[in-house]
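Student: What would the 3D arrangement of this be:
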Amino acid sequence: MGEISNEAIQKLQNAVNESNYIVFFGGAGVSTESGIPDFRSQDGLYAQKYKYPPETIVSHTFFMRRTEEFYEFYRDKMIFEEVKPNAAHKKLAELEAAGKLKAIVTQNIDGLHQAAGSKEVLELHGSTLRNYCMNCGKRYDGLKIITGTTGVPKCEDCGGTIRPDVVLYEEGLDNSVMRRAVEHISKADMLIIGGTSLVVYPAAGFIDYFRGKHLCVINMSETSRDKAADIVIKGKIGEVLGQITV
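Tutor: Numbering: from 1, shown residues only. Model (predicted):
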């Protein structure tokens, strides 16, 4: 723990106590404590060597042109079957159950917030747990259609190509999810930003809609919002939130 002071935790606790409409905005750092690597960290996927850069592989163009190679990478590096929610996911679910937290806006695609019991989860980039046939639209929930097959998964009804319901590079975010995210953030009296470098747009731009009292940033490294925040804690999100009582 070291540098996470009791004073910082107490300040966060006080803000949580006096807030009634908390929104959490999170990124990859929320899931690293569950064993899912961060795309942009030093030892993350982007630092590794592939035939193509990972940004290229998880793009719409690559998926359409080299679907089999996309799935090789996707199965190898983006599907995590055995992961479990960590202290951060669990505490956020507790805060929601207590009526304090109104929404989670996440850039993650792993479904761990729902696994922890959270209900109002707005997944800006979709989810690996949802898949659909590009031809007939049949939906396939869970990972089995991906992990239980090799090559390009095909629809059992029409034989069409199945794709994950995730937002690839070059694709736009879902309008209704964005609208709900903005609505929650603009109503919040406290916004907790956690485990995100805030470099991915348009997602990071949602922070601009916050007009509430307490802006809290919990992250391992500096972010562009640190100066505007009244609470900045450098540390692992699970270790920090785990100390908060509901």
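
Student: for this protein, which spans come out with low pLDDT?
Tutor: Applying pLDDT under 70 to the chain flags residues 1-3, 39-50, 203.

Student: what's the residue closest to the geometric middle of it?
Tutor: Centroid-nearest residue in the chain: Asn108, 2.2 Å away (criterion: CA atoms, centre = their mean).

Student: What distance do you get for Gly117 to Gly160?
Tutor: 34 Å (CB to CB, to the nearest Å). Where C-beta positions appear, they are placed from N, C-alpha and C, glycine not excepted.

Student: One more: Val58?
Tutor: Distance from Val58 to Gly160, by CB to CB: 21 Å.

Student: With Met220 instead?
Tutor: From Met220 to Gly160 the distance is 42 Å (CB to CB).

Student: list the contacts for the residue in the chain sticking out farthest from the centre?
Tutor: Distance to the chain centre peaks in the chain at Cys158, reaching 32.1 Å (criterion: CA atoms, centre = their mean). Contacts for Cys158 (CB atoms under 8 Å, 6 or more residues apart in numbering) come out as 133, 135-136, 138.

Student: just checking, Ser127 is part of a strand?
Tutor: Yes - assessed by DSSP: H, G, I helix; E, B strand; the rest coil, Ser127 belongs to a strand.

Student: who are the neighbours in contact with it?
Tutor: 109-111, 164-166.

Student: repeat that with 6 Å
Tutor: 109, 111 (CB atoms under 6 Å, 6 or more residues apart in numbering).

Student: The residue nearest to the centre of the chain in helix, strand or coil?
Tutor: Of the three states, Asn108 takes coil according to three-state DSSP.

Student: mind putting the contacts of Cys158 in CSV, distance to Pro85 and secondary structure included?
Tutor: Shown next, in CSV, are the contacts of Cys158 (distance: CB to CB, whole Å; DSSP: H, G, I helix; E, B strand; the rest coil):
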residue, distance to Pro85, secondary structure
Cys133, 29, strand
Asn135, 34, coil
Cys136, 33, coil
Lys138, 29, coil
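
Student: circling back to that earlier point, I figured the residue nearest to the centre of the chain was touching Ser34, is that so?
Tutor: No - checked against CB atoms under 6 Å, the pair Asn108 and Ser34 is beyond contact range at 9.9 Å.

Student: Could you double-check that Glu94 sits in contact with Val246?
Tutor: Yes - counting by CB under 6 Å, Glu94 touches Val246, with 4.7 Å between them.

Student: top of the contacts of Cys158 by neighbour count?
Tutor: Cys133 (21 neighbours; other CB atoms under 10 Å).

Student: quick one: His214 and Ala15 touch, right?
Tutor: Yes - the pair His214 / Ala15 is scored as a contact, 4.2 Å apart, by CB under 6 Å.
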